[in-house]
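Student: Fold the following, please.
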Amino acid sequence: MKLPFLDREDEKQRLLDALEAEEPSLAVVYGRRRCGKSRLLQQVLRPRDVYFLADQRETPLQIEAFSAAVERVLPGFGAARYGTWDRLLTALSGRVTDRLNLVVDEFPYLVQSAPELPSLLQRFIDQPGPKRLGWVLCGSSQRMMQNVVLDRSAPLYGRARQILKIRPLKAGWCMEALKLKARDAIEAFSVWGGVPRYWELARTSGTTREALASLVLDRHGVLHEEPQRLLLEEMRSAVQASSLLSLIGAGCHRLSEIAGRLGKPAGSLTRPLNNLMELGYIRKDRPWDAGWRTSRRTLHVIEDPFLRFYYRFVTPNLSLLESGQTDRVFRDVCAGLTEHTAAVWEDLVRSSVPFSTIEGQSWRTAARWWGHDTNGRMTELDVVAESEDRGTLLIGECKWGRVSPADPARWLADLKSKAQALPFVGKRSVIHVLWLRQSVDNPGKGTFMQPEDVLQALY
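Tutor: Predicted structure coming up:
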């Protein structure tokens with residue numbers, strides 16, 4: 001069952017602006033596979049626009065298919081045999097008398113078999129005289145789109161009027177897409193992340209746990225080998241990237257620890273880790289008060305919830321899953337899913353803070369904090385943020401387990417005790433907040449937030 005078109009209104013308007021601009025131009029759309037790029041293109045196409053979905057066939061067949069797509073708006077154009085992209089583009093430029101937009105989906109497939117194509121497009125875009133051809137180039141291989149369009153050395157660098165990176169959807173849309181209450185939507189998001197196609201598959205596969213069993217754990221499941229496909233699309237070999245993700249997913253977060261497990265110098269891992277960060281798969285975490293140049297306190301964390309789930313639960317159990325012992329792995333997953341969801345819940349809380357009004361104030365970016373307090377004790381906090389006027393600190397904890405009547409008061413007292421000994425508070429006032437999985441009866445003094453509050457901020 002197809003999902004309704006969700007969000008992307010800004011991207012949609014920017015594409016329409018490019019397609020309807022007075023002078024034809026180049027627009028670029030790229031991003032991770034299954035995030036809805038093709039769906040977005042379909043939303044903006046008009047009857048006279050040419051849409052062409054490239055594939056991995058040889059160049060002569062691609063040229064033939066492209067000319068057939070143009071034939072639908074320029075009768076007779078597909079009758080000729082052009083042989084090369086240069087001849088086709090020359091003929092097209094000579095034939096068009098009015099504005100014509102050409103939307104090429106999966107453009108990197110064309111470049112794989114015809115590396116000269118970006119330079120040819122550059123020549124036609126740069127040639128003097130009136131412009132009649134507008135181009136939208138779309139691709140899922142972020143590496144290849146960088147090489148042909150976005151890098152300074154790329155042939156098409158600087159030619160695009162619009163460059164749109166299509167990212168996973170924010171967590172708030174998961175409620176609407178899967179028709180779930182906030183608490184269940186957060187558990188679902190902890191498995192699927194913000195990838196619309198995963199939501200679409202999950203919606204027809206039962207509950208979240210039933211869906212992960214059939215789609216991910218089952219060796220025949222549609223998403224069972226999804227991470228390998230994602231990585232191979234961006235690099236020649238997925239071995240090193242998959243090794244890094246496996247170690248981080250298993251709890252190795254410091255560069256020195258990762259390097260030690262792989263038996264490699266830490267410096268040799270900087271580039272592959274940066275590549276994974278550029279793809280949006282991992283991130284660096286630092287304590288709230290640490291400078292961005294500080295490396296000693298840096299932790300590497302899998303950013304994408306689906307990959308975090310996969311490398312925590314699936315990769316260590318691939319042998320069992322391949323031998324058909326899905327039920328055994330499923331029981332282990334169910335036993336650990338609450339802890340996994342709790343970590344994603346913390347991420348969502350921190351992401352929501354800058355978009356929330358709490359105690360009448362707006363807040364800057366939130367982060368974790370860990371370190372020694374003024375009494376020399378090691379302390380960890382889930383959420384620290386500074387008010388817009390920098391005069392107030394928000395100090396918070398996130399709880400995803402069940403809440404007993406005595407828990408909120410105890411947690412709040414513990415949070416206040418931690419806050420009193422923090423080394424960075426100074427003369428600022430402090431607001432203490434608990435984010436809980438469920439509502440609180442008679443909470444007493446304190447600020448308490450629930451899943452609904454978090455997801456409403458993440459649209």
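Student: Distance from the chain centre to the lengthiest helix in the chain, please.
Tutor: Using DSSP state H, we find that the single longest helix of the chain is helix 326-352. Here helix 326-352 shows a centroid-to-chain-centroid distance of 18 Å under the convention Cα atoms, centre = their mean, to the nearest Å.
Student: What of stretch 152-160?
Tutor: Relative to its parent chain, stretch 152-160 has a centroid offset of 24 Å by Cα atoms, centre = their mean.
Student: buried residues in that stretch?
Tutor: Of the residues in stretch 152-160, those scored as buried under the neighbour-count criterion (16 or more other Cβ atoms under 10 Å) are 154, 155, 156, 159, 160. Backbone N, C-alpha and C define where each C-beta goes, glycine included.
Student: Go ahead and confirm the second one touches residue 118.
Tutor: Yes - in this structure, residue 155 is within contact of residue 118 by Cβ atoms under 8 Å, at 4.0 Å.
Student: Which of the buried residues of stretch 152-160 fall in strands?
Tutor: Among these, the members found in strands (DSSP state E) are residue 160.
Student: about what we covered before: pull up the overlap in contacts between residue 155 and residue 118.
Tutor: Counting by Cβ atoms under 8 Å, 6 or more residues apart in numbering, the common neighbours of residue 155 and residue 118 are residue 148.
Student: the strands in the stretch 201-350 of the chain, which residues?
Tutor: Listed in chain order, the strands of the stretch 201-350 of the chain (DSSP state E, counting those that start in this stretch) span residues 282-285, 299-302.
Student: Send over the last one as CSV, restricted to the C-alpha atoms.
Tutor: In this case it means strand 299-302. Listed next in CSV are the C-alpha coordinates belonging to strand 299-302 (Å, rounded to 0.1, in the frame of the first residue of the first chain):
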residue,chain,number,x,y,z
LEU,A,299,32.4,9.0,20.7
HIS,A,300,31.3,7.6,17.4
VAL,A,301,27.6,6.6,17.2
ILE,A,302,25.5,5.1,14.4
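Student: which other helices and strands contact that strand?
Tutor: Judged by 3 or more Cβ pairs under 8 Å, 6 or more residues apart in numbering; DSSP states H and E, the packing partners of strand 299-302 are helix 239-249, strand 282-285.
Student: just how off-centre is the helix or strand of the chain with the lowest mean pLDDT within its chain?
Tutor: Taking mean pLDDT, DSSP states H and E as the measure, the helices and strands of the chain show their lowest mean at helix 142-145, namely a mean of 86. The chain centre lies 15 Å from the centre of helix 142-145; the measure is Cα atoms, centre = their mean.
Student: List the contacts of it.
Tutor: Applying Cβ under 8 Å, 6+ apart, the set of residues contacting helix 142-145 from outside is 28, 30-32, 107-108, 111-112, 137, 139, 234-235, 278-279.
Student: ok, so of the residues you listed, who is nearest residue 179?
Tutor: Using Cβ to Cβ, the shortest approach to residue 179 within the contacts of helix 142-145 belongs to residue 32, at 24.4 Å.
Student: residues in contact with the closest one?
Tutor: Contacts of residue 32 were listed using Cβ under 8 Å, 6+ apart, and they are 140, 142, 166, 167, 168, 195, 230, 279, 280.
Student: Would you agree the last one is in contact with residue 302?
Tutor: The one in question is residue 280. No - between residue 280 and residue 302 there is no contact under Cβ under 8 Å: 10.5 Å.
Student: More neighbours: the two, which one.
Tutor: Neighbours per residue, other Cβ atoms under 10 Å: of residue 280 and residue 302, the larger number sits with residue 302, 22 against 16.
Student: Report the separation between the nearest residue to the more buried one once chain neighbours are set aside and residue 177.
Tutor: Sequence neighbours aside, residue 308 is the residue nearest to residue 302 in space, at 4.1 Å (criterion: Cβ to Cβ, 6 or more residues apart in numbering). From residue 308 over to residue 177 the distance is 20 Å, taken as Cβ to Cβ, to the nearest Å.
Student: Residue 8 too?
Tutor: Plainly put, residue 8 is 13 Å away from residue 177 if you go by Cβ to Cβ.
Student: Compare the two and say which is more crowded by neighbours.
Tutor: residue 177 (23 against 20).
Student: quick one: contacts for the nearest residue to residue 203 once chain neighbours are set aside?
Tutor: For residue 203, the nearest residue in space outside its immediate sequence neighbours is residue 178; the separation is 5.6 Å by Cβ to Cβ, 6+ apart. Residues in contact with residue 178, defined by Cβ under 8 Å, 6+ apart, are 185, 188, 199, 202, 203.
Student: Go through those and say which is closest to residue 43.
Tutor: When those are compared against residue 43 (criterion: Cβ to Cβ), the nearest one is residue 199, at 17.5 Å.
Student: And the closest one, its phi and psi?
Tutor: Here is the backbone geometry of residue 199 (degrees, to the nearest 10): phi -60, psi -40.
Student: if I pick it, what's in contact with it?
Tutor: For residue 199, the contacting residues are 3, 174, 177, 178, 188, 192, by Cβ under 8 Å, 6+ apart.
Student: neighbours around residue 447, how many?
Tutor: The tally of other residues near residue 447 (other Cβ under 10 Å) stands at 15.
Student: Kindly report the same for the one 10 residues further on.
Tutor: Neighbours of residue 457 under the rule other Cβ under 10 Å: 21.
Student: Residue 312 now?
Tutor: When counting by other Cβ under 10 Å, one arrives at 20 neighbours for residue 312.
Student: how about low-confidence regions in the stretch 251-400 of the chain?
Tutor: Counting by pLDDT under 70, the stretch 251-400 of the chain contains low-confidence residues at 291-295.
Student: coming back round to it: for the contacts of residue 32, give me JSON lines that also has distance to residue 271.
Tutor: Output for those, formatted as JSON lines (distance: Cβ to Cβ, whole Å):
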{"residue": "140", "distance to residue 271": "22"}
{"residue": "142", "distance to residue 271": "16"}
{"residue": "166", "distance to residue 271": "25"}
{"residue": "167", "distance to residue 271": "23"}
{"residue": "168", "distance to residue 271": "24"}
{"residue": "195", "distance to residue 271": "26"}
{"residue": "230", "distance to residue 271": "19"}
{"residue": "279", "distance to residue 271": "13"}
{"residue": "280", "distance to residue 271": "17"}
